[in-house]
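> pasting the sequence and the predicted model now:
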Amino acid sequence: MIEIRHIAKYYTARSHIVKALDDVSLTVHKGRVHALLGVNGAGKSTLSSLIATLHPPTRGDILYEGVSIYADLAQYRSILGFCPQRPNLDQYLTVYENLLFAGKYHGLSHTNATVRAQQLLSNFHLKPYAHATIAALSGGYRQRVSIARALVHHPQLLILDEPTVGLDPHIRYQLWDIIRTLRNSGIAIILTTHYLDEAEALADDVSILSKGTLLVSDTLASLKQTHALEKLEALFLKLVCHEEEKEAQKDSGQGNTRA
Amino acid sequence: MREFICFIRLVQRDLYILKSYFFQFLIEGGIAAGCFYLLYACFLPAMGMTPRFVPAMFMGSLVSNMIPVIFSSLQQVAIDLEKHRYIEYIATLPISNALIILRFILSMTLGTLICWIPVCGCGALLFHAFLRESPGSLSTFLIIAFLLLFAVCAITTAIVFFFSYTWFNSYMWVCGLMPLIFFGCEIVPWRDAYRVAPYLATLFLLNPVTYGIEGMRSVITGSPHYIPTSVCIPVLLLWSFIGYFGALYSFNKRMGR
């Protein structure tokens, strides 16, 4: 469904080129949760923001149903729902109005947007807060509104960037249930997280990033089988630690050469 | 078509929020117009100022009074860029950057115009005696007012997206908005300024606010003493384009595209 081909993103910081992502390729399928894992600074959020079209890649392409998304960004964005790490809700509107206007931005008529907003308020248990302002909501409820808003136009692809960071455990589990329900409804979900238990519980496919490069990308079951490990945590530690050791050896090798 | 619908709905959202403040604008506008009347039509003429300056000063104050309104809108954009990041949501909607930036500028312009209507309305009633010379058409006045606000909103939007939040907080008022007001013939008509300080008055010609204020003075008095509307409208249009493309450039740079 979504094919990421040799994507690279470079930034210039203080006249140095920073490679946030380098030659990353992976595929996201319908009705599956694809977890993007990595330590801080691995490039998970950069990759999800590139897929969400917040920034353009320096190199590479993203294909949706075989066609570059950059050929018609508006068309691609109409099937996309993006839920960033920090909920970026409209502070001047209530919860209900946030959902109502989100529907209208995507071309729903007032009547359809009203029906959809009511439906989402009900699905996400937000009815008691419908007329509350965003500032009055707790972090967990803001995250729920953010996910609900991302779903208002029935997207085919949902990007969740660290959706459960800083949430209480019971709210986290409620969000997991929501994600499972969405996956079962046929939506492709890209889940960026550094909680390995979360990825273990939700993901069908896993991509592990380290320092902007892709270490592995496969189904969770296949990765476990290939590396003969039962837990994703063990697999993650093995791959990331191995990568860090390689880096350290490379650095010390360069040091010896200089010496 | 999809992009255009999204654009219209975003502007609708902005007007929906503004609607809730209209009563407040009405009261504030009435108070502002009353203050202008007391100062320019009562106190200053009593102190010896020629009545010819009364409508000129009212128009100048009308414009300078709107600059804080624009600043307040800009502050909302700057805070959003720094804190709430609602802009990132808008950037993932089915709408191009060109329309996103047009929506920002248009909404800010309409918002400021809505704030302006009560001041203009109350002012027209209070300053009625000074505006009889040769009443210009309301439509020309509105076109100039719209273009002036659009140009100023576009230029300042370009600045907000170009510089950091820290810069905005520290310097926007002093370096961005104060020169627009004080080097824009706010108090003294351009020809009078030119008579006293020709070099400074020539500098005023680089400021779009000069053309806005002078154009409105020209319309409400019909006097040839002010820069004619046939000059003001094209210059304001030019500044609107420059401001719009500047804002689009800054926005693209800020969003990394």
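Happy to help now that I have it. Quick caveat, the model's predicted, so the values are computed rather than measured.
> pLDDT weak spots in chain B?
By pLDDT under 70, the low-scoring segments of chain B are B:132-136, B:257.
> residues from it in reach of chain A?
B:2-3, B:5-6, B:9-10, B:12-13, B:17, B:84-89, B:91-96, B:255-257 (C-beta under 8 Å from any C-beta of the partner chain). Where C-beta positions appear, they are placed from N, C-alpha and C, glycine not excepted.
> again, only using 10 Å
By C-beta under 10 Å from any C-beta of the partner chain, the residues of chain B that approach chain A are B:1-3, B:5-10, B:12-14, B:16-18, B:20, B:76, B:79-80, B:83-97, B:99, B:252, B:255-257.
> what sits against residue 1?
Picking chain A for this. A:27-32, A:34, A:63-66, A:79, A:156-157, A:188 (C-beta atoms under 10 Å, 6 or more residues apart in numbering or on different chains).
> oops, wrong one, chain B.
Shown in contact with B:M1 (C-beta under 10 Å, 6+ apart): A:74, A:107.
> can you check B:S250 too?
Contact analysis of B:S250 by C-beta under 10 Å, 6+ apart lists B:101, B:157-163.
> just the element for it, please.
Assessed by DSSP states H and E, B:S250 sits inside helix B:229-254.
> buried sites along that helix?
B:229, B:232-233, B:235-236, B:239-240, B:243-244, B:246-248, B:250-251 (16 or more other C-beta atoms under 10 Å in any protein chain shown).
> drop anything exposed from the residues of chain B next to chain A.
With neighbours counted by 16+ other C-beta under 10 Å, the residues of chain B next to chain A contain buried members at B:2-3, B:5-7, B:9-10, B:13-14, B:18, B:76, B:80, B:84-95, B:99, B:255.
> all helices of chain B, in order?
B:2-19, B:22-36, B:44-46, B:53-79, B:86-91, B:97-126, B:138-162, B:165-171, B:178-182, B:190-196, B:198-204, B:208-221, B:229-254 (DSSP state H).
> A:I4 is nearest to which of those helices?
The closest of the helices of chain B to A:I4 is helix B:86-91. By C-beta to C-beta, the value is 19.5 Å.
> who are the packing partners of that closest one?
If you count contacts as 3 or more C-beta pairs under 10 Å, 6 or more residues apart in numbering or on different chains; DSSP states H and E, helix B:86-91 packs onto strand A:80-83, helix A:95-105, helix A:139-150, helix B:53-79, helix B:97-126, helix B:229-254.
> is any part of the helix or strand just after the second one close to chain B?
Scanning the chain past helix A:95-105 towards its C-terminal end, the next helix or strand to appear is helix A:110-123 (assignment: DSSP H and E). Yes. On the criterion C-beta under 10 Å from any C-beta, helix A:110-123 is in touch with chain B at A:A113.
> list the buried residues for helix A:110-123?
Applying 16+ other C-beta under 10 Å to helix A:110-123 flags A:113-114, A:116-117, A:120-121 as buried.
> which one among the residues you listed gets closest to chain B?
Relative to chain B, the closest of the buried residues of helix A:110-123 is A:A113; by C-beta to the nearest C-beta it sits at 9.3 Å.
> pull the contacting residues for the closest one.
Here A:A113 is in contact with A:99-107, A:152-153, B:9 (criterion: C-beta under 10 Å, 6+ apart).
> again, but for A:C83
Contact analysis of A:C83 by C-beta under 10 Å, 6+ apart lists A:48, A:52, A:143, A:145-151, A:158-163, A:191-192, B:89.
> same thing but at 6 Å, please
Going by C-beta atoms under 6 Å, 6 or more residues apart in numbering or on different chains, A:C83 touches A:146-147, A:150, A:160.
> as TSV, the contacts of A:A113 with distance to A:C83 would be great.
TSV is the format used below for these (distance: C-beta to C-beta, whole Å):
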residue	distance to A:C83
A:L99	13
A:L100	18
A:F101	17
A:A102	12
A:G103	16
A:K104	19
A:Y105	15
A:H106	15
A:G107	20
A:V152	12
A:H153	13
B:R9	20
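> buried among those? Make that a PyMOL selection.
Of those, the buried ones go into a single PyMOL selection, burial set by 16+ other C-beta under 10 Å:
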select buried, (chain A and resi 99+100+101+102+103+104+105+106+107+152+153) or (chain B and resi 9)
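> list just the nearest of the contacts of A:A113 to B:S72.
Nearest member of these to B:S72, counting by C-beta to C-beta, is A:F101, at 21.9 Å.
> ok, that closest one - contacts?
Counting by C-beta under 6 Å, 6+ apart, A:F101 makes contact with B:R13.
> next one, pLDDT for it please.
pLDDT for A:F101: 94.
> likewise for A:L202?
In this prediction, A:L202 has a pLDDT value of 90.
> does it touch A:V33 like I think?
Yes. The pair A:L202 / A:V33 is scored as a contact, 5.0 Å apart, by C-beta atoms under 6 Å.
> for chain A, what's its nearest residue on the stretch 151-257 of chain B.
B:G256 (4.3 Å).
> so that residue is in contact with A:P56, correct?
No. The criterion here is C-beta under 6 Å, and B:G256 misses it with A:P56 at 7.2 Å.
> redo the helices and strands packed on helix B:86-91 as JSON lines? Include distance to A:Q249.
Shown next, in JSON lines, are those (distance: least, C-beta to C-beta, whole Å):
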{"stretch": "strand A:80-83", "distance to A:Q249": "39"}
{"stretch": "helix A:95-105", "distance to A:Q249": "50"}
{"stretch": "helix A:139-150", "distance to A:Q249": "41"}
{"stretch": "helix B:53-79", "distance to A:Q249": "47"}
{"stretch": "helix B:97-126", "distance to A:Q249": "45"}
{"stretch": "helix B:229-254", "distance to A:Q249": "40"}
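> with respect to B:G29, which of these lies nearest?
Evaluated with C-beta to C-beta, these place helix B:97-126 nearest to B:G29, the distance being 2.6 Å.
> farthest-apart pair in the buried residues of helix B:229-254, please.
B:T229 and B:F251 (31.4 Å).
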